[in-house]
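> Give me a 3D structure for the following:
(3 chains)
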Amino acid sequence: MPFVRIDAIRADPERLDALGRAVHDAMVETVGIPSDDLFQVLTSHDGTRSVMRYGAFPGLRRDDDAVFVAITLRSGRTPEVKKALYRRIAELAHAYAGTEPRNVLVSLTENESIDWSFGLGVAHYVP
Amino acid sequence: MPFVRIDAIRADPERLDALGRAVHDAMVETVGIPSDDLFQVLTSHDGTRSVMRYGAFPGLRRDDDAVFVAITLRSGRTPEVKKALYRRIAELAHAYAGTEPRNVLVSLTENESIDWSFGLGVAHYVP
Amino acid sequence: MPFVRIDAIRADPERLDALGRAVHDAMVETVGIPSDDLFQVLTSHDGTRSVMRYGAFPGLRRDDDAVFVAITLRSGRTPEVKKALYRRIAELAHAYAGTEPRNVLVSLTENESIDWSFGLGVAHYVP
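Numbering: from 1, shown residues only, chains lettered A, B, ... in the order given. Okay, the predicted model is just below:
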């Protein structure tokens, strides 16, 4: 169910893949999604055709290893689960891709069960 | 009002166009939006600069014809309307672009009337 | 906190930069975010690898200077603040990038404090 967009700067396919695996493994471990519940769009920005811009809020020294992770998922996860997710994404982004935790932004957007069709034109969570 | 992002893999402009028309015609037919209420971003991912990753959840055999459709729209559509939308997107993606229904993921994110400005710096739904 | 995606058509880096500054300055002025609270992804669409499609809803003559601005932010902004934001984005997009106000679409998607981690794996708004 989670639909994930990951944006990075001048990342080669190996780095994109490592970031994608980091986010996905973190979601499987902390949110408890099935391991085949994987829907990601990963984009490398070259600074010409597309650009990422970032500031230092809230007092974090980012650089061009910055990664933006935007996750759309069903509502209902507790604050504790969300905090565990952030922690694990940061850990695994570092372990898999060498990305410093200060460079990893995560934002969540929630929707409801009826808001998903995984294929076949069917609303799988609301039969 | 709906703002739609469509992501596909190594799609040429004709395929992107067909997918865009499929989603838009389905929205006009089922959600009842005006035919000129069209705001889409369609992206073809080459697997190098940008990548789509997918699993088999919930038991669907996807391949590189996979299409991710993410729609932002105002709240208030009934479950029946959403189900009709999913069904029609799958039908028209097949009819227009030859995409198998098993390959079409759709997710919806809702916002409110005040959350839209179509131009001129005006909140059109909340004058 | 706001996470912003800006999409434009065949925009060079200078135009992308001007549009990014327009949206950010408008948010600082009207929403009251800190000036270093900047997280943007700006994409220029070439019409081949990626495409923007638009109609005339609700009676606005758009052209290929069309800009789509999608902002994810915490809930709680009043209708007045949102209206001021739309107005100021349109003004500054014109001032900085020469974009006609009729060409500037803005949509907002809200989430909550717990839905943000700015880095270090921490939920900064909910310690």
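> which residue does chain A bring closest to chain B?
Among all residues of chain A, A:G121 sits closest to chain B, at 3.1 Å; criterion: Cβ to the nearest Cβ. Any C-beta I mention is one placed from the backbone N, CA and C, and that applies to glycine too.
> so which strand or helix has the residue at minimal distance from the centre of chain A?
Taking Cα atoms, centre = their mean as the criterion, A:V69 is the residue nearest the geometric centre of chain A, at 3.7 Å. Secondary-structure assignment from DSSP states H and E places A:V69 in strand A:67-74.
> Can that strand be said to contact chain B?
Yes: part of strand A:67-74 sits near chain B under the criterion Cβ under 8 Å from any Cβ of the partner chain, namely A:T72.
> For chain A, what lies in contact range of chain B?
If contact is defined as Cβ under 8 Å from any Cβ, the residues of chain A in contact with chain B are A:1, A:3, A:13, A:16-17, A:20, A:24, A:34-44, A:46, A:72, A:109, A:111, A:114-124, A:126.
> Name only those of those that count as buried.
The neighbour count (16 or more other Cβ atoms under 10 Å in any protein chain shown) marks A:1, A:3, A:16-17, A:20, A:24, A:37-44, A:72, A:109, A:111, A:114-119, A:121-124 as buried among the residues of chain A next to chain B.
> Mind checking which of those residues are in helices?
A:16-17, A:20, A:24 (DSSP state H).
> ok, so of these, who is nearest chain C?
Within these, the smallest distance to chain C is 14.6 Å, found for A:L16 (Cβ to the nearest Cβ).
> Show the contacting residues for the nearest residue to the closest one once chain neighbours are set aside.
Nearest-residue entry for A:L16: A:L42, 4.3 Å, with adjacent residues in sequence omitted and distances by Cβ to Cβ, 6 or more residues apart in numbering or on different chains. Applying Cβ atoms under 8 Å, 6 or more residues apart in numbering or on different chains, one finds that A:L42 lies in contact with A:5-8, A:16-17, A:19-20, B:50-53.
> So in terms of bridging, what pairs with A:L42?
Taking DSSP bridges, one finds A:I6, B:V51 as the beta-bridge partners of A:L42.
> Distance of it relative to C:L120?
Plainly put, A:L42 is 22 Å away from C:L120 if you go by Cβ to Cβ, to the nearest Å.
> what's the answer for A:S117, then?
36 Å.
> re the thing from before, near chain C, anything from the helix or strand just after the strand holding A:V69?
Using DSSP H and E, the next helix or strand after strand A:67-74 towards the C-terminus is helix A:79-97. Yes: with Cβ under 8 Å from any Cβ as the measure, helix A:79-97 is seen reaching chain C through A:79, A:82-83, A:86-91.
> Determine the angle, from 0 to 180 degrees, between helix A:79-97 and strand A:67-74.
Direction vectors for helix A:79-97 and strand A:67-74, defined by axes from the mean of the first three to the mean of the last three Cα atoms, to 10 degrees, enclose an angle of 140 degrees.
> okay, which residue of chain A is out on the far edge from center?
Among the C-alpha atoms of chain A, the one farthest from their average position, using Cα atoms, centre = their mean, is that of A:P127, at 27.9 Å.
> any idea how far A:I114 is from it?
For A:P127, the distance to A:I114 under the criterion Cβ to Cβ works out to 11 Å.
> and what of A:H45?
In this structure, A:H45 and A:I114 are separated by 33 Å, where distance is defined by Cβ to Cβ.
> Kindly report the same for A:V51.
A:V51 is 36 Å from A:I114, where distance means Cβ to Cβ.
> which non-adjacent residue is nearest the residue nearest to the centre of chain A?
Closest residue to A:V69 apart from its sequence neighbours, by Cβ to Cβ, 6+ apart: A:V106 at 4.6 Å.
> Kindly report the residues of chain A close to chain C.
Where chain A comes near chain C, counting by Cβ under 8 Å from any Cβ, the residues are A:7, A:43, A:45, A:47-58, A:60, A:62, A:68, A:70, A:79, A:82-83, A:86-91, A:101-110.
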